[in-house]
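Undergrad: A predicted structure for the sequence below; I have some questions about it.
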Amino acid sequence: MKSLLNRIIRFYIDGFRNTKIGKKLLLIVFIKLFIMFAILKIFFFPNFLKSKFATDAERSNYVLEQLTKTNKK
């Protein structure tokens, strides 16, 4: 499994390295990843637990209740 992952990574690295436009495409990929994980997280995924609960114990109790809550219909 590790050799397959290693071969895939080397394939992409060699492909980007051997083309003229490869470095620009790689830069675009990294910019898109930065936007997806850094910028969007700040604006669209607020820290719900930190805003609702003051301590770690309250947060963990809430998560435990949500995970073990039975769904009564």
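TA: Received it, and whenever you're ready, just let me know what you need.

Undergrad: Could you check how sure the model is about the helix or strand that contains Arg10, as an average pLDDT?
TA: Assigned by DSSP states H and E, Arg10 falls within helix 2-17. Mean pLDDT, helix 2-17: 84.

Undergrad: what packs against that helix?
TA: Contact analysis of helix 2-17 by 3 or more CB pairs under 8 Å, 6 or more residues apart in numbering; DSSP states H and E lists helix 22-34 as its packing neighbours. Backbone N, C-alpha and C define where each C-beta goes, glycine included.

Undergrad: CA atoms of whichever helix or strand comes after the helix it packs on as CSV?
TA: Going down the chain from helix 22-34, the next helix or strand is helix 40-44, by DSSP H and E. Provided in CSV are the C-alpha atoms of helix 40-44 (Å, rounded to 0.1, in the frame of the first residue of the first chain):
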residue,chain,number,x,y,z
LEU,A,40,-13.7,29.2,4.5
LYS,A,41,-13.2,27.6,8.0
ILE,A,42,-13.0,31.1,9.6
PHE,A,43,-16.2,32.4,8.0
PHE,A,44,-18.4,29.4,7.6
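
Undergrad: Let me see the mean pLDDT of the helix or strand following helix 40-44.
TA: Later in the chain than helix 40-44, the nearest helix or strand by DSSP H and E is helix 48-52. Helix 48-52 carries an average pLDDT of 85.

Undergrad: would you put the C-alpha positions of helix 48-52 in PDB?
TA: Output of helix 48-52 as PDB, limited to C-alpha atoms (Å, rounded to 0.1, in the frame of the first residue of the first chain):
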ATOM      1  CA  PHE A  48     -19.600  26.100  18.100                       C
ATOM      2  CA  LEU A  49     -18.400  24.500  21.300                       C
ATOM      3  CA  LYS A  50     -16.100  27.300  22.300                       C
ATOM      4  CA  SER A  51     -18.900  29.900  21.900                       C
ATOM      5  CA  LYS A  52     -21.500  27.900  23.800                       C
END
